[in-house]
Structures are given as C-alpha cells and as structure tokens.
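Asks: below: sequence and its predicted model.
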Amino acid sequence: MDVAEEEPADGDPLVVTLTGPQRVEVLRAPRAPVPPGHVRIRTLYSGISAGTELTLYRGTNPHLDRRWDPARRLFVDEAAASAYPNTAWGYSEVGEVVELGAGVDDALLGVAVWGLWSHTGEVVLPVEKVEGRVLPAGLDPLGGTFARVGAVALNAVLAADVHIGETVAVFGQGVLGLLATQLTVASGAEVVAVDGIDGRRKQAAAFGAAHVLDPVTEDVGGRIKELTGGRGADVCIEISGSYRALHEAVRGCAAGGRVVAAGFYQGDGVGLRLGEEFHHNRVQIVSSQISSAPAGMAERWSPERLHRTVIELVAAGRLDVLPLVSHVVPAPLAANAYALLDTDPAAALQVVLDFRPEPAIDLRSAS
C-alpha cells in the first residue's frame with residue numbers, strides 16, 4: 001500500500017501490519033484518492049489464512065530468509081528483502097463499494113464484492129478488479145471470504161483427478177481439508193478423513209466422510225489399507241503441511257497411486273522417508289499450488305475461474321462454509337486472532353477479522 005507522507009488521521013483506514021515474528025499491530029494509513037476508472041471498497045470481513053499467513057507470523061516462511069528468483073524459479077542463498085513491516089498479507093476479503101471514480105457505472109455503488117486485497121479497512125481498485133466479483137444476492141458476506149481458501153482446496157481436488165467409486169484419503173481437516181472433503185465427496189468418491197483433533201473429525205463426518213481416523217492413536221496407513229481390502233487409497237490429498245502426514249499419505253496410498261501434496265511445508269522434511277513405501281510402491285507425488293491449475297488444465301482453469309467457482313458453489317448451497325467460521329474478531333484485536341490460531345488450533349478453524357465500523361455482537365467473536 002502506498003502511504004502518503006502526512007500523518008494519518010483517526011478516520012483513515014485500519015491496516016493489520018506484521019511488524020516482526022509474532023508481532024501484529026493495527027495501524028492507520030492515509031486514505032488514497034479514487035482515480036478515474038477505480039472504486040473505493042470499504043472492507044466488511046477479511047479471513048485469516050491459517051497456512052501461509054501463519055508461516056509469516058511464525059517467521060518460518062522461506063521467503064523471509066532466502067530470495068526467490070522468478071526468472072529461474074529457484075530459491076537462492078541470498079538475503080531476502082526485509083518482510084517487515086508487512087501490510088500485504090491477507091487475501092480473503094469482502095467489502096462494499098462506497099465511492100466511484102470518474103467513468104465508473106453508478107450501478108456499482110453500494111454493491112458487495114469479494115476479492116484479494118489484504119487486511120485493510122478499505123482499498124482502491126481498478127473497476128476491472130471488481131467486475132465479475134459481485135457477491136451473489138442472498139449470500140452471507142462471511143461466505144465470500146472463502147473464495148481464496150476454497151480455490152486452494154478445489155485446485156488440490158482437481159490435481160487428485162478423482163473418479164466416482166474411488167477411495168480418497170484427505171490428510172488434515174482444518175479449513176482447507178474440510179473444504180477438500182466436501183468437494184471430494186461431491187465428486188463421487190468415498191472419503192477417509194484424517195486429523196488429530198476430534199472436533200474436526202466430527203465435522204468431516206458431518207460433511208460426508210465415510211471414515212475418520214486419528215493419527216495420534218491409529219496406524220493411519222495400515223487402517224486405510226484395511227478399509228480398502230488391502231489395496232490402499234486410490235488418491236491421498238495431504239493438505240495440512242505436515243511432513244509426517246505426507247509420509248503417512250504415501251503409506252496409505254495404493255501401489256501406483258497418487259498423493260497430492262497441497263500443504264505449505266516448512267523446513268527440512270523430518271518424518272518423510274522416501275526409501276520406504278514411496279520407492280517400493282511407485283507412488284506418484286504431485287504438487288498443488290494456487291498460482292496454477294494442474295498440468296493439462298491450466299488453460300481452462302485459471303485462478304480466477306477457481307475463485308469464481310467456489311463462490312458459485314457456496315451461493316448454490318453446494319459447498320457449506322459458514323460452519324467453518326469459528327471466530328469473528330473485531331479488526332483492532334487482530335493480534336489476539338493470530339495468537340489464537342498459533343497457540344490453540346483445536347479451538348479455531350476459520351478466523352475472520354471484522355472491519356465494520358460498529359461490529360454486531362457475534363457468538364463466534366473472540367473475547
């Protein structure tokens with residue numbers, strides 16, 4: 001965000017700023033003008049990513065200490081540019097168009113839109129970034145905050161290439177995993193949901209998972225083989241970002257089967273032993289990352305199509321997202337929201353920041 005030199009005023013928009021590892025401050029930035037062909041959007045809700053954003057919060061993201069060379073698509077052993085202060089994180093927003101620049105259709109004024117513009121109280125965007133992102137009539141604005149995370153889950157399911165009658169194990173039943181479980185069930189597969197938190201396993205069962213497994217108390221790879229008559233899962237989707245879970249996904253996969261690695265893995269691969277089932281069963285590991293759809297699909301499935309498909313599924317009642325919202329936290333208390341996600345994952349699923357000027361009392365609000 002471009003910040004003017006003058007001192008911000010009290011009425012200027014809030015900006016949730018990462019000022020260092022595990023240090024979140026809510027600051028103000030001067031209000032930007034609205035040029036021709038642009039609109040001002042006042043943020044209503046902004047969802048927090050419990051994956052990528054927490055790696056920035058915890059200081060484990062590889063971009064923090066190594067430099068990504070986009071030309072060669074390599075991380076290189078050079079110091080990265082300072083990540084702090086960071087105002088650009090956050091990519092699950094819903095807001096209301098409150099001001100139009102010259103040349104913009106008056107019909108957009110007052111319209112609710114979804115998008116990816118960071119944890120800030122308002123943003124000025126080109127009108128083409130808004131057209132096609134109008135929130136469907138009747139959809140709870142909280143539902144619109146799932147466009148990005150839903151797209152991540154949908155991309156993983158597309159990479160899994162699920163077929164009717166297959167068994168798919170989904171490792172991790174956080175927000176992404178529960179979305180992937182719903183999408184996989186809707187694709188006609190039998191889902192085995194894996195998570196160490198009881199409440200998440202129960203939610204997976206409510207979303208249609210045929211079996212739920214606890215990796216803390218069960219031999220998950222062995223149990224998946226038992227449930228499939230010794231064959232193993234046709235596909236495993238690992239979406240928690242745990243190397244141990246990725247190894248267990250390989251163990252539970254059928255010979256010649258596929259594992260979709262959709263988590264954001266940090267550091268060295270402790271717990272992943274590629275000389276065992278991966279080598280002997282010729283298991284294929286496929287990476288899924290939101291910047292592109294799987295090979296062979298990218299020309300048809302752009303990231304924008306992924307996002308819009310999720311919103312359409314939510315609006316049609318075919319993807320249930322509101323049960324995933326565990327906390328709606330007033331934006332000034334953003335530091336508490338991140339601390340909750342970092343220290344008590346069993347208590348939190350989707351945590352949403354509320355930027356409305358006078359947030360209504362919400363039973364899901366954190367104290």
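Replies: Everything's here; your move.

Asks: show me the contacts for S49.
Replies: Applying C-beta atoms under 8 Å, 6 or more residues apart in numbering, we find S49 in contact with 90-92, 148-149. To be clear about C-beta, it is placed using only N, CA and C from the backbone, and glycine gets the same treatment.

Asks: what strands line up against the helix or strand of the chain with the lowest mean pLDDT, and which way round?
Replies: Scoring the helices and strands of the chain by mean pLDDT, DSSP states H and E places strand 67-69 at the bottom, with a mean of 90. Within its sheet, and counting by DSSP bridges, strand 67-69 is paired with strand 74-76 (antiparallel).

Asks: any idea of the mean pLDDT for the next helix or strand after the strand it pairs with?
Replies: Sequence-wise, the next helix or strand downstream of strand 74-76 (DSSP states H and E) is strand 93-100. Averaged across strand 93-100, the pLDDT comes to 97.

Asks: which outside residues touch strand 93-100?
Replies: Outside strand 93-100, the residues that reach it (C-beta under 8 Å, 6+ apart) are 34, 39-47, 106, 108-119, 122-123, 130, 135, 141-142, 144-145, 355.

Asks: so what pairs up with the closest residue to A80 other than its chain neighbours in the strands?
Replies: Nearest residue to A80, sequence neighbours excluded (C-beta to C-beta, 6 or more residues apart in numbering): R67, at 4.9 Å. Beta-bridge pairing of R67 under DSSP bridges involves V76.

Asks: which residues are in contact with R67?
Replies: Per C-beta under 8 Å, 6+ apart, neighbours of R67: 75-76, 78-81.

Asks: okay, helices next: where are they in the chain?
Replies: 52-58, 141-144, 147-160, 175-186, 198-206, 220-227, 243-252, 277-280, 303-315, 334-343 (DSSP state H).

Asks: S291: which of the ones you listed is closest?
Replies: helix 303-315 (6.8 Å; C-beta to C-beta).

Asks: possible to save the helices of the chain as CSV with mean neighbour count and distance to V321?
Replies: Listed next are the helices of the chain as CSV, based on neighbours: other C-beta atoms under 10 Å; distance: least, C-beta to C-beta, whole Å:
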stretch, mean neighbour count, distance to V321
helix 52-58, 19, 18
helix 141-144, 23, 5
helix 147-160, 25, 7
helix 175-186, 26, 7
helix 198-206, 18, 12
helix 220-227, 19, 27
helix 243-252, 24, 23
helix 277-280, 15, 34
helix 303-315, 18, 6
helix 334-343, 19, 17
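
Asks: can you lay out the ones you listed as TSV showing mean pLDDT and distance to Q266?
Replies: Output for the helices of the chain, formatted as TSV (pLDDT from 0 to 100; distance: least, C-beta to C-beta, whole Å):
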stretch	mean pLDDT	distance to Q266
helix 52-58	93	6
helix 141-144	97	29
helix 147-160	97	17
helix 175-186	98	16
helix 198-206	98	21
helix 220-227	98	21
helix 243-252	98	9
helix 277-280	94	20
helix 303-315	97	23
helix 334-343	96	14
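
Asks: next, format those as a markdown table and append distance to E25.
Replies: Listed next are those as a markdown table, based on distance: least, C-beta to C-beta, whole Å:
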| stretch | distance to E25 |
| --- | --- |
| helix 52-58 | 12 |
| helix 141-144 | 25 |
| helix 147-160 | 24 |
| helix 175-186 | 25 |
| helix 198-206 | 31 |
| helix 220-227 | 41 |
| helix 243-252 | 32 |
| helix 277-280 | 44 |
| helix 303-315 | 29 |
| helix 334-343 | 7 |
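
Asks: which one of the ones you listed lies closest to G11?
Replies: Short answer: helix 334-343, nearest of the helices of the chain by C-beta to C-beta, at 19.0 Å.

Asks: chain center to the closest one: distance?
Replies: Chain-centre distance of helix 334-343: 16 Å, with C-alpha atoms, centre = their mean, to the nearest Å.

Asks: can you list contacts of that helix?
Replies: Residues contacting helix 334-343 (C-beta under 8 Å, 6+ apart): 16, 22, 24-26, 48, 50, 53-54, 57-58, 119, 327, 329, 347-348, 351, 353, 366.

Asks: just the ones of those in strands?
Replies: Counted as lying in strands by DSSP state E, out of the contacts of helix 334-343, are 16, 24-26, 327, 329, 351, 353.

Asks: return the residues in contact with the closest residue to A346 other than its chain neighbours.
Replies: Closest residue in space to A346, ignoring its immediate chain neighbours: I197 at 4.9 Å, by C-beta to C-beta, 6+ apart. Counting by C-beta under 8 Å, 6+ apart, I197 makes contact with 173, 345-346.

Asks: then V124?
Replies: Counted by C-beta under 8 Å, 6+ apart, V124 has contacts 32-35, 38-41.

Asks: ok, the closest residue to it other than its chain neighbours - how many residues close by?
Replies: Using C-beta to C-beta, 6+ apart and skipping residues adjacent in sequence, the residue nearest V124 is A32, 4.7 Å away. Using other C-beta atoms under 10 Å, A32 is surrounded by 17 other residues.

Asks: look up how far V310 lies from A32.
Replies: Applying C-beta to C-beta, to the nearest Å, the value for A32 to V310 is 29 Å.

Asks: can you check Y338 too?
Replies: Y338 is 24 Å from V310, by C-beta to C-beta.

Asks: any stretches of the stretch 1-150 of the chain with poor pLDDT?
Replies: Low-confidence segments of the stretch 1-150 of the chain, defined by pLDDT under 70: 1-10.

Asks: before we move on, back to that, mind checking which of the contacts of strand 93-100 land in strands?
Replies: Using DSSP E, the subset of the contacts of strand 93-100 located in strands is 39-47, 112-115, 122-123.
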